[in-house]
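Just a sequence and a predicted model for now, questions to come.
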Amino acid sequence: MALVDISGLTIGFGAEETLPPVVDGVDLAIGKGEIVALVGESGSGKSMTALSIVGLLPERGKVRSGRILFEGEDLLKCGDAQLRSVRGARIGMIFQEPMTSLNPVLTIGEQLVEALIVHEKLSQAESRKRAIAMLERTGIDDAARRLRQYPHEFSGGMRQRVMIAMMMALKPALLIADEPTTALDVTIQAQILDLLRDMVRDLDTSLLLITHDMGVVAEMADRVVVMRGGKVVEEGDCTAIFAAPQADYTRRLLAAVPTLDDPPRRVGAGAFGSSVLRLETVSRSFGGGGFFFAKAPLKAVDGVSLTVRAGETLALVGESGSGKSTLGRLAMRLETVDEGRVVVAGEDITRLSGRGLRRVRRAIQMIFQDPYASLDPRFSIGRTIAEPMIVAGGADRRKIRERVGALLERAGLAAAMAGRMPHELSGGQRQRVAIARALAVNPRIIVADEPTSALDVSVQAKILDLMIELQEAEALAYLFITHDLAVVRRIAHRVAVMRKGRIVELGAAADVLERPRHPYTRSLIAAAPVPDPARRGERRHAAAEIEVPALETAGEWRAVGDEHWILA
Amino acid sequence: MLRFLGQRAAMGLLTIFVTTIAVTLLIHLVPGDPVEIMYAQSQGTTPEQIEAMRSSLGLDQPIPVQYLHFVGRLLQGDLGVTIRGQQSVAQLLLQRLPNTLALAALAMAIATLIGMPLGFLAAYKRGTLLDGVLMVTAIAGISIPHFWLGLLLLFWLAVDLGILPVAGSGPLNIVLPALTLGLSNAAIVARMTRSAMIDVMSQDFIRTAHAKGLPKSRVLRRHVLRAGLVPVVTVMGLQFAFMMGGAIVVENIFAWNGIGRLALEAIFQRDYPVIQGFILVFATTVVVVMLALDAVYALLDPRIRRS
């Protein structure tokens, strides 16, 4: 008998008669020791399905019908106390955001032992011993000392290890992991996935893995359940689904996933125009100074030189904290450089300010990661797009209105959208609006900071296509900031890999991605999950062999190929 | 941690320093000649008398010199003497300060004991009838002016029931003013507690705590309460500082001899040295309370403690 047997599960918010369910008649079974991936895009109902198992649906969310059998007992019929004894003890749960999932005002130790004391009635000393053992098991050194520390003293990856230790300490029969690695860097993601798999295999725990990332699915799952619009559209063995997806939706989903096997964009010599953005040994530090005491400043960007030419996409790749976003902001002069020069469209903007800076800024525009936060919720779409034109001046109302319509259509939206408000639009539509706004002043280059990271894969693919199309039509240049190497492959002509404020490798996309020469680049590529279960484990062996040296303190640029350099 | 508090203390000293400048300029900010206004009511003042008063206040000297004199005396703990009665201002303030401190402390205790549990309860029962009733009561409590609430309590407890004295300075006399201040502050504390706790209850780490299968009472006590205290403590600190400035209206209704009442009398009598002293004492109290708040934050939130 299956460990978990869900049938006919229907979940809705608010009144049954008026609001359609968010989960609609879902059947799902998880066998003992099995790893099941629940896959779907945002709004597919995958998280709601998982939360209903532990009775933690958000307020107003109600199970309308169905049954959730766990170890033969219907959890939906359990009382509060009974459900509580299952939660934690028999079913553990890990969430997406390691930065907010731990209580900031309690020590790691307090948070680790409390469940042991409640469920297993262990003494303080015994549970402490168990907590230390679990922390060590998840690869945290010096566990006894770290028990006394608070969550903010741990990095994101370390916190996720703590979460895993906390949930696995009670040896649950089922672990639910809701996007456990989505917020982490790819090298950390690889480690956490390995840890999760080893832990559940060792303790014979079943794992329900909720994710939107087909690479993670291919790496982990025995069986895959695909959800869309609250319904299960396909279910089957992991290898079978990747090899021969049955449902139309699954096929489209898989096709939209960018992979490192996609052909990179290639270019002939002399395909690009003149330089539109040139950074000359720019540096920028944060902090330091201090009111009474000197503090060491953090070098976010350290002597970086780059050129982006008309019609070219230069991808800036790196993990969080590598300084890639700061570099983008320096190029826009949203931050001022400490040292070096910023040249946009042939004009030195390093020291420009006021009117002069505003004039040059028309040549360089920006698109941000979060399309929810980057549009003013009180501005209509039309007003948002018109604003840069009004600021630039020189056009009358009717002309601006016409141009807003034309821009919307170029960004793949209907001109009539101009009257809508941001909250009426989907994430992908909002990002199109952001693109239309950037295009409003006819820029030569757009700095795009993770423009597709907050979007579902199918939407991401369309936005990337749009960006490529616009580039080809008018020789736009992009400085494309991303952590996702597969996206790089789809859009970039050249790649710059950043690490701790410096560029460690620079070259044509095909060269850098296929023949990476810097060990750090190699480790990044090896850690990226491959959406192909047949090649599972390859990455782990590959990644294990690479030794990334500690930071190059005073590296030298060395040519390793045609227009291909590394810092060594 | 110590460095953090050291920085805050330095900022506090700076605040007090700026206040001393403002206090020196205070007399000159009043339109017209302060000394003439002072004597405007009294008949038959001679120009010599006015001149004597002017020089005894040091007003015949250039402002920077006045300031240096003022700070020089201040550093020796001398705030001058009152215009009427020639009493030492510093002694007068010190004599009244304990009364105000006792009143503010008792009022704060009442506000905390009533406001925090009710706010917490309202947060826990959010959206229910109980929550609604509690919050309407709280809004009423904030809206009712002190003098009105004070008079109501006075009529009810002192006149009708006769269990408390109307005014005076016996030990029981503190109860009515403290209750008046305490109740209206309880309403503020309750509202703040409710919104802070609701904020915490929707945080991810509370979901984690539930996912661990902890009993509800334990989640509330250990995870919600402590994480939600920082904004509540902020409001309580500000209210306390405010009351230390003398709850002027309440002190007057109940004839409570605190510094608020003293300040009001001084204002009516245009007794500048007393007003100056009062402002300095008030500013210092606010700075000290803020410093104490910073220490409490650090105690409550390890992120502040270790940074």
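The structure has been received and is ready for your questions.

Flag the helix or strand of the chain with the lowest per-element mean pLDDT.
No chain specified, so I'll use chain A. helix A:538-545 (a mean of 65; mean pLDDT, DSSP states H and E).

you looked at the wrong chain, it should be chain B
Per mean pLDDT, DSSP H and E, helix B:34-39 ranks last in chain B, at a mean of 72.

Against which helices or strands is the next helix or strand after that helix packed?
With elements assigned by DSSP states H and E, the helix or strand that comes after helix B:34-39 is helix B:47-56. In this structure, helix B:47-56 packs against helix B:34-39, with contacts taken as 3 or more Cβ pairs under 8 Å, 6 or more residues apart in numbering or on different chains; DSSP states H and E. (Each C-beta comes from the backbone N, C-alpha and C, glycine too.)

thinking again about what came up before, next SSE downstream of the least confident helix or strand of chain A?
Past helix A:538-545, the next helix or strand by DSSP H and E is strand A:557-561.

and that next one, how far out from the chain's middle?
Relative to the chain's own centre, strand A:557-561 is displaced by 31 Å; criterion: Cα atoms, centre = their mean, to the nearest Å.

Tell me where the stretch 251-400 of chain A has strands.
A:275-286, A:298-309, A:313-317, A:339-344, A:347-348, A:364-367 (DSSP state E, counting those that start in this stretch).

Between strand A:298-309 and the third one, find me the angle.
To tie it back to what came earlier, the one meant is strand A:313-317. 160 degrees (axes from the mean of the first three to the mean of the last three Cα atoms, to 10 degrees).

so where is the stretch 401-550 of chain A shaky, pLDDT-wise?
Applying pLDDT under 70 to the stretch 401-550 of chain A flags the ranges A:539-545, A:549-550.

Please repeat the previous calculation with a cut-off of 80.
Low-confidence regions of the stretch 401-550 of chain A, defined by pLDDT under 80, span residues A:537-550.

same thing with chain A?
A:1, A:14-18, A:59, A:258-271, A:287-298, A:392-395, A:537-556, A:568.

Close to chain B: what parts of it are there?
A:54, A:56, A:80, A:84-89, A:92-93, A:95, A:97, A:100-107, A:110, A:114-115, A:118-119, A:150, A:152-153, A:163, A:166-167, A:291-293 (Cβ under 8 Å from any Cβ of the partner chain).

ok, longest helix in chain B?
Ranked by residue count, the top helix of chain B under DSSP state H comes out as helix B:89-124.

so who does whichever residue of the stretch 151-300 of chain B sits closest to chain A touch?
Nearest residue of the stretch 151-300 of chain B to chain A, counting by Cβ to the nearest Cβ: residue B:213, 3.2 Å away. By Cβ atoms under 8 Å, 6 or more residues apart in numbering or on different chains, the contact set of residue B:213 is A:84-89, A:115, A:118-119.

Now, the residues of chain A next to chain B that are in strands?
A:92-93 (DSSP state E).

among the residues of chain A next to chain B, which are in helices?
A:80, A:84-86, A:110, A:114-115, A:118-119, A:163, A:166-167.

So, low pLDDT: which residues of the stretch 101-250 of chain B?
Where the stretch 101-250 of chain B drops to pLDDT under 80, the residues are B:162-171, B:244-247.

all helices of it, in order?
With DSSP state H, counting those that start in this stretch as the criterion, the stretch 101-250 of chain B has helices at B:129-143, B:146-153, B:175-201, B:204-211, B:216-218, B:226-227, B:229-244, B:248-253.

Tell me which of those helices sits most buried.
Ranked by mean neighbour count, the helices of the stretch 101-250 of chain B are led by helix B:175-201 with a mean of 23 (mean count of other Cβ atoms under 10 Å in any protein chain shown).

Just checking that helix against chain A, any contact.
No - contact of helix B:175-201 with chain A (Cβ under 8 Å from any Cβ) is absent, the minimum separation being 9.4 Å.

elements contacting that helix?
Contacting helix B:175-201 under the criterion 3+ Cβ pairs under 8 Å, 6+ apart are the following elements: helix B:89-124, helix B:129-143, helix B:146-153, helix B:229-244, helix B:248-253.

got a markdown table for the ones you listed, with distance to residue A:281 too?
Supplementary listing: the helices and strands packed on helix B:175-201 in a markdown table, determined by distance: least, Cβ to Cβ, whole Å:
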| stretch | distance to residue A:281 |
| --- | --- |
| helix B:89-124 | 55 |
| helix B:129-143 | 59 |
| helix B:146-153 | 65 |
| helix B:229-244 | 44 |
| helix B:248-253 | 63 |
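
For the residue lying closest to residue A:7 once chain neighbours are set aside, give its distance to residue A:231.
Leaving aside its chain neighbours, residue A:7 sits nearest to residue A:27 (5.0 Å; criterion: Cβ to Cβ, 6 or more residues apart in numbering or on different chains). Residue A:27 sits at a distance of 10 Å from residue A:231 (criterion: Cβ to Cβ, to the nearest Å).

Pick out whichever of these two has more residues nearby.
Neighbours were counted for residue A:27 and for residue A:231 using other Cβ atoms under 10 Å in any protein chain shown; residue A:231 has more, 16 against 13.

pretty sure that one is in contact with residue A:28, am I right?
No - contact criterion Cβ atoms under 8 Å: residue A:231 and residue A:28 do not qualify, at 11.5 Å.

what packs against the least confident helix or strand of chain B?
helix B:47-56.

can I get the CA coordinates of the helix it packs on in PDB?
What follows is helix B:47-56, C-alpha atoms only, in PDB (Å, rounded to 0.1, in the frame of the first residue of the first chain):
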ATOM      1  CA  PRO B  47      12.700 101.100  33.900                       C
ATOM      2  CA  GLU B  48      15.500 100.400  36.400                       C
ATOM      3  CA  GLN B  49      13.700  97.300  37.600                       C
ATOM      4  CA  ILE B  50      13.400  96.100  34.100                       C
ATOM      5  CA  GLU B  51      17.000  96.800  33.400                       C
ATOM      6  CA  ALA B  52      18.000  94.900  36.600                       C
ATOM      7  CA  MET B  53      16.000  91.900  35.500                       C
ATOM      8  CA  ARG B  54      17.500  92.000  32.100                       C
ATOM      9  CA  SER B  55      21.000  91.900  33.400                       C
ATOM     10  CA  SER B  56      20.200  89.300  36.000                       C
END
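
separation between residue A:161 and chain B?
14 Å (Cβ to the nearest Cβ, to the nearest Å).

Tell me the secondary structure at that residue.
helix (DSSP: H, G, I helix; E, B strand; the rest coil).

Residue A:62 too?
Residue A:62 - assigned by three-state DSSP - is strand.

What is the neighbour count of it?
15.

and if you look at the one 4 residues further on?
Residue A:66: 19 surrounding residues under other Cβ under 10 Å.

hey, which of the strands of the stretch 251-400 of chain A is tucked in deepest?
Stretch with highest mean neighbour count among those: strand A:313-317 (a mean of 26; mean count of other Cβ under 10 Å).

Who does it pair with, and is each partner parallel or antiparallel?
Strand A:313-317 sits in its sheet next to strand A:477-482 (parallel), strand A:494-499 (parallel), going by DSSP bridges.

Can you give the contact residues for the first one?
With Cβ under 8 Å, 6+ apart as the contact definition, strand A:477-482 has outside contacts at A:276-277, A:306, A:308-317, A:324-325, A:327-328, A:331, A:444-453, A:467, A:471, A:488, A:491-492.

CA atoms only for that strand - export them in PDB, please.
Backbone C-alpha positions of strand A:477-482 (Å, rounded to 0.1, in the frame of the first residue of the first chain) are rendered in PDB as follows:
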ATOM      1  CA  ALA A 477      22.800  45.900 -27.400                       C
ATOM      2  CA  TYR A 478      22.100  44.000 -24.200                       C
ATOM      3  CA  LEU A 479      24.100  43.700 -21.000                       C
ATOM      4  CA  PHE A 480      22.300  40.700 -19.800                       C
ATOM      5  CA  ILE A 481      22.800  39.900 -16.100                       C
ATOM      6  CA  THR A 482      21.900  36.300 -15.100                       C
END
